[in-house]
Every structure is written in structure tokens, then in C-alpha cells.
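Colleague: No sequence on hand, only this structure:
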């Protein structure tokens, strides 16, 4: 196995971050919450950026042990055609959404790069902001995607532990740990403006993974200094019939992690999805998290047509309507922000500098 | 050994000295020796047969361990700085060049645009470019991108003795930089140099504070000790100032008690 | 009698015999060859070329040293 890159294996200025997360931390949760709140308020104000996911396709070529869409699962496979995408986007727009995250599984013939690129262009015509969570691509593919109107990509390393990673990703292109690790760098080289990172909490030692994630963000921030960075905190909740996470992360630990990231990286967007409960999302709003998904469907499509009975990629916990969620935010004196972007800026980040 | 690496050079001292404003070349050379510095910056001046002692080339290069870093002070445009750099490299044989362009002779603030233009050209010509700049984090990254081997943001205006007036900007530059950050200009006393090192600077450049001190060689020694102490402290992990207050009404009660 | 030419050295007028080289000039102003840089009409003249570089009437010559300065 290749040795890990220096920026991942060696730590620099991470004493405070480690102290905040350590089991013997000198900081109480309440102390961290207070500091996190103060920083969030200064840096982001009283706002919450909102987006919604649209699953374009659940075709997949990989065999992740923990995913409902793994290629050996019996889930019926389908993909949205462009006309269907437009219908879904229309339905999402009526809910007030103007920032969409397009998702696919790992690269397949059915949902390949050209399909993704076309879908991005379709979405960019209707939405103020289009981001993608799909499969690792090359620098030139990212450039094409950026030109089509994609301003951000999300790619979770799942776990930064190469041994655990190998155990969990049993076949398919996702087996390549190094390729996945270098994906955010390639995306930024290709002109994608923002990258979203994360680990799937529950798969491996959360303390270690959080530290590696921190190192990854510090490295990207220094190397691609024009980049926008965000961190998500997807967490596997133990559920009967589904994958049992060997390292379940409690609410307290997840909260502590979010506070630690906010304090150590004051300018990075912190994201929570509808995997989390209404109580947790409401509680974290205004004290650390600055971006959340709403009214999510995790089956293919699902906004326009009635939700299918198929299982989605994960079970939505917070299934409040957009209206109900925004009302909850406003009760906390937080303004929901649907549009935080101008369509005109949807081109690739700075043209290739003369090297 | 916690050495300073710039380009392919390694320095054990993190104190860099300037050579201006001393009462005599002799005093300046004593200060250089007392400080243990290994990198000294010099300016280009016209030869004057009436003042042969002005010529520092031989005296400085005969001090063991010294590398010369010529600077382009006097230039007010990128073109002048580039020409000065080329002349300086011929003379010194050193690849180091401090790009120093201050068109206003009162406040001596560096011109960011001319500095960027000159640095870009000189980096392509193989110089080890060390640009003297305002403490601007974006300018610092642009210069890093352009191929400079370090950035030298000012603490405050040359000779002003205002110390680390730009501290908050310096912290951002230090956090974001992948090349050495060297605070240059405005340091008045050794404690300020120590503070700069504690903040995470890789080195400091001092001139006026040593040159106009009552006893420059002793002051140079004091600066050297301060720089070493500050660096040692930084490497040892300095205790955090507590900024973490406790909210009046609990923010985390929604989480319930710990499982 | 050899002809004299007038050149500019460090901004001042200077006369010397026609056909003088840069090395000759340095000798006549009493400078050490190794510690100066010589520039003629904005062109750097390197030490190994100084003996063969002939000066002409009206040439602008800069002779530079390293001196104290920030």
C-alpha cells in the first residue's frame, strides 16, 4: 500500500483541535458550544443556507458494505431522464429551493460522466446553484463540469483509515483509497469553486477520522487558497436490517465534533443533512452548523412524482416540510437563506494561470 | 535541529539583519558578528572613491557562514528592481534577492503592484525571491504562486518602531502560507521579535532597532536571544489564552445527558 | 598623443584615453575589481569581459558596490 501523503500523516498546529475532541478534554461541551456560537454569529450572522438533494440515479458499480445502493443489493435501479429532471426541479422550486445537490452512485455505464454533465447543464438552467456528489473524476472532467455550471462537489472519504477503508469497499472503482483522497484537489485544479468533505461517522474510530479530516481541510486551504470548503457530518444510525456501525457516534460526540470544527476552522461551512433528528438540527442551528438540507428525498427523484416505496440511500429522520423547517429556524431568530449565489458566477474558477 | 529552510539553503539562525543606519561600517560588522546571523541584506550604491569603507562586500563575505541577500531599495518600479537584482546577482553571486520597492520616501511603504511584477519576473530567472510587502494575506498567496521562496510582510513602517501593528494580518498570512513568513520592518525591541516568533513566524529581519541602539552589537545579541527563545516557545506549544466563556443559559440541553 | 574621450561615470563627466577598457577605467578611479559591478548603457559588463570591453564617447557607466541599507 502506498504511504500516506505527508499532509495527512503529519500534524501541524492541531494541539487545540485534539484537546477539544479528546476523551479527557479540558473543555466541557457547554464551553465549546458557547465559543462555537460566538464564532458562528460573527462569521455567518443569523442565517442558515438551505439546499435540497436530488438523486439522479441509483445505479452503482461499487460494493460499499454500508450503503443501500451497493451493486449487489436488490434495489430496483433507475435514472432520471432530462425531462424528468426538469419536472423534479420544478417541484423543488415550488418549495422555494434554488440550491440543488445532484447525486449519483459510483461511475456506471447507465450514469456516466456525459449523463452527469448533461444533467448539471439542465439543473444550472433552472437553479441558482448546482453542486454534485457523484464519483471521482479527472481534472479535465471537473473542468467540463464547471463549465456546465457546477460550482461545487462533495466527496466523502468515508474513513481516512486505509485498512478499514479496504475492508468496507469490497469491489468496484471505490476501492481506490488514494484516488478518492486526491479527488478534492483534482476538482479544485479543474476550476470547481467549492469542495465538501466528510467521513461517514460510525465506520471507524471517530477521533482519528476527525483529526485526518481536519488535516485534509488545512492542506486544501493552504494549497488551493481560493477554494471554498465545507464539512458534512453524515452519521450512520444503528437500524435493524441495515449496516451496524462498529463505532457508533453519540449525539454528544457529534455535537462536540461540530463545535471543534467551528472553533478550529472558523470560516468553513458546516453541513447537516436530514439524517439527523429535528431536535438535533434545531439545537445545532445558530451554534455551529451553517448549512442544512431540507425537504429531502433520498430515492431517485421523488419531489415531483409521489415518493416511491423503494428504500432511499438513507432513511430521512427530519421529514418536516420546507415551510415547517423554516418556521422552526425563524423561531430561533435565524433567517433561512435559499439563494446565496448569483447565477452569473457559475463559471469555472479562475482561468488557468500562466504557469 | 530546528533550522530555517529557504530554497535549498539551511540557516540555523532565524534572525536576519539589515545593514543601514549604523554609525559606521565597523559598528555594523561588529553587530553582525555578535548576532550570529547568517543572512544579511545590503543595498546597491554607487562607488565613491572618497568613501572606500562603504564597500561591504569584502568585510561581510569574510565573516564565516554569511550569505548575502542584496535588496533593491532605491528602485521605485518593477523594471528598476529587476535591473538592480540582475546587477546585484552578478556582484554577489548569491541567488537571494529582497525585492524592496518603496516609491514614497516618507513612509517607505512597499508598492504591492510593482513588487508583484518584479517578483514574478525574477522568480522565473531563478532568483530566490524574498519580497517585502504590506501584510496582505492575498498578496502573500499571489507571490507564493508566482514562485517566491518566502514572503516578508511588514510589522509596521520601516524605522517607525511601531512593532507588530499588523499582528492580526500576520496571523492569517502565517496560517495560510506554505513558504517561510519573515516579519520585516518596524520591530523596536527584542520582546517584539520574540512575540513574532511565538506567533509562528519563521524568521525576523531587524535593522533600525539594532543600528540606532545605544550599543548595537549588544542589542544584536539580545535580538538573537529573543528570536531563539520565541522560536523555542512556539515549538514547545504555548498555552492557549482562554477565550472560551460559559453561556448564561445552557446551549446544549437539547442533547440530554451523555449516554 | 592619444585622443581623450568624455564619458559619464556615476552621473559625472569623466575623461579618459580613447580605446580604454572598463578595466582601465576601474584602475584609474582606484576601485577593487572584485567588489564592484559595472554597467555600461544599462548593460551589465561581467568581470571576465571588462578587459576587452572598450568604452566609447558618451557612454554612461555605473560602478556599483554593496553598501549599508535595509
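Modeller: Yep, that arrived. All values derive from a computational prediction rather than experimental measurement.
Colleague: can you count the residues close to residue A:111?
Modeller: By other C-beta atoms under 10 Å in any protein chain shown, the residues close to residue A:111 number 26. For the C-beta atoms, the positions are set from N, CA and C on the backbone; glycine is no exception.
Colleague: Quick one: the helices in chain A, in order.
Modeller: A:6-9, A:15-21, A:29-44, A:82-94, A:113-126, A:139-148, A:162-168, A:177-181, A:183-189, A:206-223, A:251-264, A:278-284, A:322-331 (DSSP state H).
Colleague: Pass me the low-pLDDT residue ranges in the chain, would you?
Modeller: Unless you meant another one, I'm taking chain A. Across chain A, the ranges flagged by pLDDT under 70 are A:1-2, A:238-241, A:306-311, A:350-355.
Colleague: please go with chain C instead
Modeller: For chain C, the ranges with pLDDT under 70 are C:1.
Colleague: Around chain B, which positions in it sit nearby?
Modeller: Contact residues, chain C versus chain B (C-beta under 8 Å from any C-beta of the partner chain): C:10-11, C:29-32, C:34-37, C:39, C:42, C:44, C:46, C:62-70.
Colleague: what about residue B:203, distance to chain C?
Modeller: Going from residue B:203 to chain C by C-beta to the nearest C-beta, to the nearest Å gives 16 Å.
Colleague: Same check on residue B:141?
Modeller: 24 Å.
Colleague: Check which helix or strand that residue maps to.
Modeller: Secondary structure from DSSP states H and E places residue B:141 in helix B:137-145.
Colleague: and that helix, does that touch chain A?
Modeller: Yes: using C-beta under 8 Å from any C-beta, helix B:137-145 comes into contact with chain A via B:141, B:145.
Colleague: relative to helix A:206-223, how tilted is that helix?
Modeller: Going by axes from the mean of the first three to the mean of the last three C-alpha atoms, to 10 degrees, helix B:137-145 is angled at 80 degrees with respect to helix A:206-223.
Colleague: what about residue C:61, is that helix, strand or coil?
Modeller: strand (DSSP: H, G, I helix; E, B strand; the rest coil).
Colleague: check contacts around the residue nearest to it when sequence neighbours are not counted.
Modeller: Nearest non-adjacent residue to residue C:61, counting by C-beta to C-beta, 6 or more residues apart in numbering or on different chains: residue C:9, 4.9 Å away. Neighbour list for residue C:9: C:25, C:29, C:61, C:63 [criterion: C-beta atoms under 8 Å, 6 or more residues apart in numbering or on different chains].
Colleague: separation between residue C:9 and residue B:90?
Modeller: 18 Å (C-beta to C-beta, to the nearest Å).
Colleague: ditto for residue A:257
Modeller: 57 Å.
Colleague: now residue A:98
Modeller: Residue A:98 is 61 Å from residue B:90, by C-beta to C-beta.
Colleague: now do residue A:282
Modeller: For residue A:282, the distance to residue B:90 - C-beta to C-beta - is 69 Å.
Colleague: same deal with residue A:216?
Modeller: Distance of residue A:216 to residue B:90, computed by C-beta to C-beta: 46 Å.
Colleague: residues in contact with residue B:156?
Modeller: So residue B:156 contacts B:162, B:163, B:164, B:165, B:166, B:185, B:186 (C-beta under 8 Å, 6+ apart).
Colleague: Repeat the analysis, applying 6 Å as the threshold.
Modeller: B:162, B:165, B:186 (C-beta atoms under 6 Å, 6 or more residues apart in numbering or on different chains).
Colleague: Assign residue C:15 to helix, strand or coil.
Modeller: strand.
Colleague: List the contacts of it.
Modeller: C:4, C:6.
Colleague: Bridging across strands, which residues link to it?
Modeller: Under DSSP bridges, the beta-bridge partners of residue C:15 are residue C:6.
Colleague: Please report how far it lies from residue A:152.
Modeller: Distance from residue C:15 to residue A:152, by C-beta to C-beta: 72 Å.
Colleague: any chance you could map the strands in the stretch 51-200 of chain B?
Modeller: B:67-71, B:96-99, B:128-133, B:152-153, B:182-184 (DSSP state E, counting those that start in this stretch).
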